[in-house]
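Participant: From the sequence below, what's the structure:
(chains A and B)
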Amino acid sequence: MKLLRLLLIEWRKFAPNITFRVMVVLYVASFTLILSLARLVGSNFKLTANGQSCNPTADLFTYPKNWQLLAWIGSWPNMALLGFLGVFMITLEFSNKTLRQSVIFGLTRKEVVMAKLAWVIMLALAATVFYLVLGMIGGTGFGLPSAGGLSGFFLQAVGYLLLGTLAGLLIRQTALATLLYLAYVMFLESVARWIFYFAVAKTRLLLFLPEQVLSALTPLPVPESVGPMTRGLALPLSLMEASLMALLYAALFAALFSNRILKSDL
Amino acid sequence: MPLLAVNNLAKNFGSVRALNGLDLTVEAGQVFGLLGPNGSGKTTLLAVLLDVIRPSGGSFLWFDNPDETHARQRIGALLETPNFYPYLNAEQNLALVATIKHVTNPPLQSLLELVQLSERRHSAYKTYSLGMKQRLALASCLVGDPDVLILDEPTNGLDPEGMIEVRHIIQKIAAQGKTIIMASHLLDEVEKICSHVAIIKNGKLLATGAVGSILNRQPTLEVGTADVEKLRLLLSGQTLVRKLERMGERLELELSPGRLPAELNRLAFEHGIVLDHLVLKPSSLEMEFLEITRQ
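Facilitator: Predicted coordinates for the structure are as follows:
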C-alpha cells in the first residue's frame, strides 16, 4: 500500500511531463524501428560462394537467437533513453527544487529514496514487458525468451536507469549530467579499459566494469556461420557472471543514491 | 507539553555558524513569529525543523513524539519561494501534495477558492504571477488540514496588494486556532499577525515571549528647555525615566512603565526647569528591534 502510494506520487509527477512522454515514445519507436531495420537488412543479406548463395544471419531471426538479437537491439534504447530518464527523473527535481519541496510537504527522506527506486523498477519492468510484447508480435520464431535472457534485459534496464540516476544526483544539471552519463557508457569506460589493458595489465577483471557488465547482459548473438571464427578471442562475461555483477552494481548504485539523499542537505 | 521543543540546535555551513545553540519552545495555538535580520538563521532553523537540512548538533521534537512520519503529516509548510512542478496546474500540484500527505479526496476546490485561485486552477503553474504562486503555496500548506503551519517570509517579493491578501489569508487561518510558525524580517508583519515572537540574530536566540512583552511599545518623549544639561542631570537619577539620551538641544527619553509625561513636567517645574518643548513620539517598533539585535 505504501509502495503504491509512492509510485502514484512519481506517476503524478512524470506522466504529464512532455520530456518523459517524448522519451517513452522515442523508446518504443526506436526499439521497433531498429528491429524492423535489422530484419529488413538481415533478410536481404546474401553471401555467394562457389555459385551458392546463402544468408549467414538467418538463424539470428529464428528462435531462440531472435530473442537475443531483440535484447541486443533493445540495449541501445536502454542505454541512451532509459539512462537519460534516470538522469532526468533526478535533475527535474533539483532544477525545480521539488525534491526538497516533497520533504517540506511531508515525505520522509526514506520515502523519497523508496519512491525513486520503486519508479526505477517500474520503468525497467515496463521496458521488459515491451521487449516481451515486441518479440511476440514482431519475432520470427516461436517460444518465449529464456528466464536468464528476460532477467538480463530487466537488470540491464535497472542498471542504466540507476547509473543515470546517480549521474543526475551528482551533477544535478540535466544537460551536463546526460553528457557525462552518455560519455561514460559510450566511450569513457572503454577508453579507460583499453588504456589499462595495454599499459598496466591484461586482466579479465576489466570486463567487470559497469558498462561492460551491463552490455554483457544482452550480448550480440553470433550467427552459427561466424561461430568458428570467434574461437581464441577473449571470453566475454557469462550471463550468470554479468547478472551477478549487475545485481551488485544495482545494489551499489542504490546504496550510493540512498546515502546521498538520506545524509546530505537538500 | 510543548508542540515544538528545540534544544541547543546548531548548524554549520563550513566555517559559518548559521545556528548557534538555539533553544526554543512553541506551544499549541500560538502564532509564533521568528524575527531577525536577513541572514540571521530563520530559514535555516525552519529548514532543519522540516528535515531538508541536517543539523550539526542539538535536537528538536515535534508533538512530543519521535515518530517523524506521524509528525510531518500534521505540518503544512512553505519554505522560501514556493516550488511546484511548472508543467502541472494548480489542481494537479495540490493532488500531488495530497498524495504525499496521505489525504484521500482533498477539498481542492475550496482550498483554491480560499486562496482565490479557483479561476486559474487549470493553468500551468509556470504561467502564474509571484502572488499567485505564493497563494498556491499557502493552499498546499492547508492540504490535509494540518495542526501546524510553517511559513517562511510568506509575503516576500509581493506587491502591497499581494502582501495584504496573503496576510489576510494567514489571519483567517490563525483564527481557526491553528499553530503558525512564521519567519519574517518585517516587524510590522510580525506585530500584525503574531501572538508570540522569538528574535534571532547570528543563529542565536536573543529574546522570546509574547509580542507585547518583547516588542515594548512604550512611547518616546522629546523634551526641550533653556538649560538642557540641567534637565539631563536631574532626570538621570530618577526612576521615572528608563532611558535618556541627549540629542542636540533636546532630550529623548523613555518613561518607566506606567509613568506619565505629566509627572515629568511636574518634576522639572518643581526643580525650577520650565519645559518649552514636550512631544510624545510613538515608539518605533524598528527601534525596539534594533535595540534587541544590537545587544
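Participant: for chain B, what are the nearby residues on the stretch 1-150 of chain A?
Facilitator: A:5, A:8-9, A:12-13, A:16-18, A:96-98, A:100-109, A:111 (CB under 8 Å from any CB of the partner chain). C-beta coordinates here come from the backbone N, C-alpha and C atoms, glycine included.
Participant: Kindly recompute the last result at 10 Å.
Facilitator: A:2, A:5-6, A:8-20, A:92-93, A:95-111, A:115 (CB under 10 Å from any CB of the partner chain).
Participant: Just the ones in strands from those, please.
Facilitator: Taking DSSP state E, every one of the residues of the stretch 1-150 of chain A next to chain B sits outside strands.
Participant: Weed out the non-buried ones from those residues.
Facilitator: Listed as buried from these are A:6, A:9-10, A:12-14, A:17, A:20, A:92-93, A:96-109, A:111, A:115; burial here means 16 or more other CB atoms under 10 Å in any protein chain shown.
Participant: Tell me which stretches of chain B form strands.
Facilitator: Under DSSP E, chain B gives strands at B:4-13, B:16-26, B:31-35, B:57-62, B:75-78, B:148-152, B:179-184, B:196-201, B:204-210, B:220-225, B:241-247, B:250-255, B:275-281.
Participant: Identify whichever of these lies nearest to residue A:63.
Facilitator: Comparing those by their distance to residue A:63 (CB to CB), the top pick is strand B:75-78, with 57.6 Å.
Participant: The strands of chain B into a markdown table, with extra columns for distance to chain A and mean neighbour count?
Facilitator: Listed next are the strands of chain B as a markdown table, based on distance: least, CB to the nearest CB, whole Å; neighbours: other CB atoms under 10 Å in any protein chain shown:
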| stretch | distance to chain A | mean neighbour count |
| --- | --- | --- |
| strand B:4-13 | 9 | 18 |
| strand B:16-26 | 11 | 19 |
| strand B:31-35 | 16 | 27 |
| strand B:57-62 | 12 | 16 |
| strand B:75-78 | 5 | 25 |
| strand B:148-152 | 8 | 24 |
| strand B:179-184 | 13 | 24 |
| strand B:196-201 | 19 | 24 |
| strand B:204-210 | 21 | 16 |
| strand B:220-225 | 42 | 18 |
| strand B:241-247 | 43 | 14 |
| strand B:250-255 | 42 | 20 |
| strand B:275-281 | 43 | 12 |
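Participant: got a markdown table for those, with mean pLDDT too?
Facilitator: Formatted as a markdown table, those follow (pLDDT from 0 to 100):
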| stretch | mean pLDDT |
| --- | --- |
| strand B:4-13 | 94 |
| strand B:16-26 | 93 |
| strand B:31-35 | 92 |
| strand B:57-62 | 94 |
| strand B:75-78 | 91 |
| strand B:148-152 | 92 |
| strand B:179-184 | 92 |
| strand B:196-201 | 90 |
| strand B:204-210 | 88 |
| strand B:220-225 | 89 |
| strand B:241-247 | 87 |
| strand B:250-255 | 88 |
| strand B:275-281 | 87 |
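Participant: a markdown table please, covering those strands and showing distance to residue A:26.
Facilitator: As requested, the strands of chain B are exported to a markdown table (distance: least, CB to CB, whole Å):
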| stretch | distance to residue A:26 |
| --- | --- |
| strand B:4-13 | 41 |
| strand B:16-26 | 44 |
| strand B:31-35 | 48 |
| strand B:57-62 | 45 |
| strand B:75-78 | 37 |
| strand B:148-152 | 40 |
| strand B:179-184 | 45 |
| strand B:196-201 | 51 |
| strand B:204-210 | 55 |
| strand B:220-225 | 71 |
| strand B:241-247 | 73 |
| strand B:250-255 | 72 |
| strand B:275-281 | 71 |
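Participant: what about the helices in the stretch 1-150 of chain B?
Facilitator: B:42-49, B:68-73, B:90-100, B:108-114, B:130-142 (DSSP state H, counting those that start in this stretch).
Participant: And those helices, which one averages the lowest pLDDT?
Facilitator: Ranked by mean pLDDT, the helices of the stretch 1-150 of chain B end with helix B:68-73 at the bottom, a mean of 80.
Participant: thinking again about what came up before, from the residues of the stretch 1-150 of chain A next to chain B, which ones fall inside helices?
Facilitator: Per DSSP state H, helices hold the following members of the residues of the stretch 1-150 of chain A next to chain B: A:2, A:5-6, A:8-14, A:18-20, A:92-93, A:95, A:98-105, A:109-111, A:115.
Participant: Now do the contacts for residue A:191.
Facilitator: residue A:183 (CB atoms under 10 Å, 6 or more residues apart in numbering or on different chains).
Participant: Now do it, the pLDDT please.
Facilitator: 91.
Participant: could you measure it against residue B:2, distance?
Facilitator: 60 Å (CB to CB, to the nearest Å).
Participant: and if you look at residue B:177?
Facilitator: From residue B:177 to residue B:2 the distance is 17 Å (CB to CB).
Participant: What of residue B:164?
Facilitator: 32 Å.
Participant: cool, and residue B:123?
Facilitator: Residue B:123 is 41 Å from residue B:2, by CB to CB.
Participant: Spatially nearest residue to residue B:77 (excluding sequence neighbours)?
Facilitator: residue B:150 (4.0 Å; CB to CB, 6 or more residues apart in numbering or on different chains).
Participant: If you could redo that for residue A:46, that was the one I meant.
Facilitator: Nearest to residue A:46 is residue A:53, by CB to CB, 6+ apart, at 4.8 Å.
Participant: tell me the contacts of the residue positioned nearest the centre of chain B?
Facilitator: Geometric centre of chain B, nearest residue: residue B:33, 2.9 Å, by CA atoms, centre = their mean. Counting by CB under 10 Å, 6+ apart, residue B:33 touches B:42, B:151, B:180-184, B:186-187, B:189-199, B:211, B:214-215.
Participant: one more time with 6 Å
Facilitator: Residue B:33 makes contacts with B:182, B:190, B:194, B:197, as judged by CB atoms under 6 Å, 6 or more residues apart in numbering or on different chains.
Participant: again with residue A:221
Facilitator: Here residue A:221 is in contact with A:60, A:65, A:68, A:69 (CB under 6 Å, 6+ apart).
Participant: Distance check, it against chain B.
Facilitator: 42 Å (CB to the nearest CB, to the nearest Å).
Participant: Please apply the same query to residue A:25.
Facilitator: 17 Å.
Participant: before we move on, what about residue A:260?
Facilitator: 12 Å.
Participant: Quick check: residues of the stretch 151-266 of chain A near chain B?
Facilitator: Within reach of chain B by CB under 6 Å from any CB of the partner chain, the stretch 151-266 of chain A has these residues: A:265, A:266.
Participant: mind listing what residue A:41 touches?
Facilitator: With CB under 6 Å, 6+ apart, residue A:41 has no contacts at all.
Participant: any idea of the pLDDT on it?
Facilitator: For residue A:41, the model assigns a pLDDT of 81.
Participant: ok so, going back, quick one, which of residue B:177 and residue B:2 is more surrounded?
Facilitator: Higher neighbour count among residue B:177 and residue B:2: residue B:2, with 15 against 9, using other CB atoms under 10 Å in any protein chain shown.
Participant: near chain A, which residues of the stretch 101-250 of chain B?
Facilitator: residue B:101.
Participant: let's see it at 7 Å
Facilitator: B:101, B:140 (CB under 7 Å from any CB of the partner chain).
Participant: Show me which positions of stretch A:73-90 end up buried.
Facilitator: Buried, per 16+ other CB under 10 Å, within stretch A:73-90: A:73-75, A:77-90.
Participant: ignore the last one, stretch B:118-131
Facilitator: Buried residues in stretch B:118-131 (16+ other CB under 10 Å): B:118, B:120, B:121, B:124, B:125, B:128, B:131.
Participant: Show me which of those is closest to residue B:22.
Facilitator: Nearest member of these to residue B:22, counting by CB to CB, is residue B:131, at 31.9 Å.
Participant: First-to-last residue distance for stretch A:197-205?
Facilitator: Stretch A:197-205 has an end-to-end distance of 10 Å (CA to CA, to the nearest Å).
Participant: how many neighbours does residue A:248 have?
Facilitator: Residue A:248 has 13 nearby residues by other CB under 10 Å.
Participant: Then residue A:34?
Facilitator: Neighbour tally, residue A:34, other CB under 10 Å: 16.
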